[in-house]
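**Q** dropping the sequence and predicted coords here.
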There are 2 protein chains.
Amino acid sequence: MKHNFGAGPCILPKEVFQQASEAVIDFNNTGLSILEISHRSKEFEAVIDEATQLVRELLAVPQGYSILFLQGGASLQFAMAPLNLLPEGGKAAYLDTGVWATKALKEAKKFGTVDVVASSIDKNYSYIPKGYAIPTDAAYFHYTANNTIYGTEVFDKPETALPVVVDMSSDIFSREINVADYDLIYAGAQKNMGPAGVTLVIVKDDILGKSGRVLPSMLDYQLHINGGSMYNTPPVYSIFVSMLNLRWLKAKGGVSVLEQENIIKARALYDEIDRNPLFKGTAAVEDRSRMNVTFVMDTPELEAEFLALAKERNLIGIKGHRSVGGFRASIYNALPLSSVNALIDAMKEFEDTHTA
Amino acid sequence: MKHNFGAGPCILPKEVFQQASEAVIDFNNTGLSILEISHRSKEFEAVIDEATQLVRELLAVPQGYSILFLQGGASLQFAMAPLNLLPEGGKAAYLDTGVWATKALKEAKKFGTVDVVASSIDKNYSYIPKGYAIPTDAAYFHYTANNTIYGTEVFDKPETALPVVVDMSSDIFSREINVADYDLIYAGAQKNMGPAGVTLVIVKDDILGKSGRVLPSMLDYQLHINGGSMYNTPPVYSIFVSMLNLRWLKAKGGVSVLEQENIIKARALYDEIDRNPLFKGTAAVEDRSRMNVTFVMDTPELEAEFLALAKERNLIGIKGHRSVGGFRASIYNALPLSSVNALIDAMKEFEDTHTA
């Protein structure tokens, strides 16, 4: 058995893969593949309705918010957020916590003024800036909740009276959130929601319709809301597999149960990193992500050797991103504690064979 | 066995479903699902490279053209085409052959002037306009090659010296084309290429970079070319299944073989429509689509009864679009002649029981 620590697209539960595989041959005893049914069929309408309802239930989405399944990933949201929320000549506030936050703010700069309220680039994004001031005259405040590359995570909603836009691509459904704290939440599916090819958007209805811009239809949240995520042909299979995964999440007991499991998994791994003299974490302790655990070795020369051992132990996807180096273990919802323990065992074994 | 005449998402070959199903459990003996591998893995790079190569080979795409797999469907292309090709204040020429052509030109109107060179709206889009003049001072000429709703198809490239942009969503890979006749070809996958969630774009490189507009990154063809369709996480599974389907197409002998089969299937069905006194075609004979065959009954009261018989015979998806009524049989590449014959048999049977 392989332990998939990949950063995304990433592991999903085995039973989801099983169901997802069967539906490609025969979907719900229709005698048809899920890949050949019309998105306007009652069978698929039931899928997208259930997926929407599961998101609403699992995150306790309040009334007044719409739930959308779109295409284009977070990268398209980087443009859709300003185009929908920022009037011509307007200003938006962004927190810079890494590559993805930077991409988001660069995209916004194409369409208005961007006030970067704080950045942790001075220490290679190894921490989350704190104590910064958010201007009160901006159209919205944007931040990235979890920084996959650097292994940092923002757990508390930043304090501001502005509308808050958050990229939760890599930590949505991993911990409880209060949706009412946010005005626009977006997340590429390919971490904790489903396979690549669909993007979740949760948007407060009454922030829309104020930018006054002429928008490409596909970039207009309101049109997607009006069309129930079926303004055009949606990514049928990615939505279907997401629905299966959300069902799994609900059957597990919901987000609060997963959050507890994720805390346990993350603590176990960080404890080993802190204990094991060969390894050290790269992120500020108080900002450590529960989704992506980044660590390096005191002796970088040994890193290739540890990667070889990891491969031998079927621990895959743990090579760190080139901007940080070392290792990154992504421990999303579907990764079991036993996989984390297999990694810890390998770290201990490596310690045994490399310390006197 | 069901005969899937659905207009899209639609039938794909059984063997493609089989392989697509297996890969969700174990992709290429990696021990991992195709849904959980990184898009940056060498395994997926091989998939997208093969898919690109298959498109290049099957359509004999010349040098100087790029092949892209994007998200957002043809609907996003309706905006991307003008945003990438039309300078501010510029003019584009559009042929209006139905709902999708109209959506494309309405989208273009947001970004410039649109000259509608001809329209067949006067006869509910039941024919393709001919003999129209295309202005020489437009940035490009746009048309829809196949009109799924009305069952009409443009087989010859319209004569113009302008760059030609064509929506081939519903007939790409169904007949041989000379790619060099076009400057931008786009096609939502969910007819003859693969499942929903990916869009094929074939673009002549040297028409790009001239609109002078500030584009959302995800709407910029050049960025996607630079990133090899991986500017961001691509729709992995939709591309994978498209690749499997293109392999099938190649193994069948390529587009020319499919074109001959499609001609035979279409002829058989149109012949029956013309012969059977109960049915009549809705599209002008010379413009009849080989992909979507639209027909009605002289006695509309009998239509519900024929639909019931069709259901009994496992002929599904033949109810016509509400704008045309009656019936629509979509007979894409993967639909076998035996399914067409099953429909013809039902039509004959209906004739036998309803004529004296």
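**A** Cool, the structure landed. Note that the structure is predicted; figures quoted are calculated from it, not measured.
**Q** can you tell me the closest non-neighbouring residue to A:Ile331?
**A** Setting aside the residues directly before and after it, A:Ile331 is nearest to A:Lys265 in space (C-beta to C-beta, 6 or more residues apart in numbering or on different chains), at 5.0 Å. Yep, even glycine has a C-beta here, placed from its N, CA and C like the rest.
**Q** quick check: that neighbour touching A:Ala342?
**A** No - counting by C-beta atoms under 8 Å, A:Ala342 is not a contact partner of A:Lys265; they are 11.9 Å apart.
**Q** looking at those two now, which is surrounded by more residues?
**A** Ranked by neighbour count (other C-beta atoms under 10 Å in any protein chain shown), A:Lys265 and A:Ala342 place A:Lys265 first, with 23 against 17.
**Q** and the helices in chain A, which stretches?
**A** Secondary structure of chain A, counting by DSSP state H: helices at A:14-25, A:42-58, A:73-85, A:99-109, A:221-226, A:236-252, A:255-275, A:303-312, A:337-354.
**Q** and those helices, which is most packed in?
**A** Using mean count of other C-beta atoms under 10 Å in any protein chain shown, the stretch among the helices of chain A with the largest mean neighbour count is helix A:73-85, at a mean of 26.
**Q** any part of it near chain B?
**A** Yes - in terms of C-beta under 8 Å from any C-beta of the partner chain, part of helix A:73-85 sits within range of chain B, namely A:73-76, A:78-80, A:83.
**Q** go on, stretch A:245-254?
**A** No - using C-beta under 8 Å from any C-beta, stretch A:245-254 stays clear of chain B, with a minimum separation of 9.9 Å.
**Q** output that stretch as PDB, nothing but the C-alphas.
**A** Output for stretch A:245-254, consisting of C-alpha atoms alone and laid out as PDB, is shown next (Å, rounded to 0.1, in the frame of the first residue of the first chain):
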ATOM      1  CA  ASN A 245     -16.200  12.500  -1.000                       C
ATOM      2  CA  LEU A 246     -18.500  14.900   0.900                       C
ATOM      3  CA  ARG A 247     -20.800  11.900   1.600                       C
ATOM      4  CA  TRP A 248     -17.800  10.200   3.100                       C
ATOM      5  CA  LEU A 249     -16.900  13.200   5.100                       C
ATOM      6  CA  LYS A 250     -20.500  13.400   6.500                       C
ATOM      7  CA  ALA A 251     -20.500   9.600   7.300                       C
ATOM      8  CA  LYS A 252     -17.200  10.200   9.200                       C
ATOM      9  CA  GLY A 253     -19.100  12.600  11.500                       C
ATOM     10  CA  GLY A 254     -18.500  15.900   9.700                       C
END
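**Q** for that stretch, the distance to its chain's centre please.
**A** A distance of 17 Å separates the C-alpha centroid of stretch A:245-254 from that of its chain, computed with C-alpha atoms, centre = their mean, to the nearest Å.
**Q** what pLDDT, on average, does that stretch get?
**A** Across stretch A:245-254, the average pLDDT comes to 98.
**Q** repeat for stretch A:291-306
**A** In this model, stretch A:291-306 has an average pLDDT of 94.
**Q** buried ones in that stretch?
**A** Burial within stretch A:291-306, assessed by neighbour count using 16 or more other C-beta atoms under 10 Å in any protein chain shown, is assigned to A:291-297, A:303, A:306.
**Q** relative to B:Ser21, which of the helices of chain A is closest?
**A** Across these, B:Ser21 has its closest neighbour in helix A:14-25 (3.9 Å, C-beta to C-beta).
**Q** the closest one vs chain B: in contact?
**A** Yes - on the criterion C-beta under 8 Å from any C-beta, helix A:14-25 is in touch with chain B at A:17-18, A:20-22, A:24-25.
**Q** picking that back up, which of the residues of helix A:73-85 next to chain B lies closest to A:Gly131?
**A** Nearest to A:Gly131 among the residues of helix A:73-85 next to chain B, with distances taken as C-beta to C-beta, is A:Phe78, at 26.0 Å.
**Q** what's near enough to touch the closest one?
**A** For A:Phe78, the contacting residues are A:103-104, A:107-108, B:216-218, taking C-beta atoms under 8 Å, 6 or more residues apart in numbering or on different chains as the criterion.
**Q** what is the most widely separated pair among those?
**A** A:Ala108 and B:Met218 (13.6 Å).
**Q** that older thread, so of the buried residues of stretch A:291-306, which ones are in strands?
**A** Of the buried residues of stretch A:291-306, the ones assigned to strands by DSSP state E are A:292-297.
**Q** now those as a markdown table including distance to chain B?
**A** Compiled in a markdown table, those are given as follows (distance: C-beta to the nearest C-beta, whole Å):
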| residue | distance to chain B |
| --- | --- |
| A:Asn292 | 14 |
| A:Val293 | 17 |
| A:Thr294 | 17 |
| A:Phe295 | 19 |
| A:Val296 | 21 |
| A:Met297 | 23 |
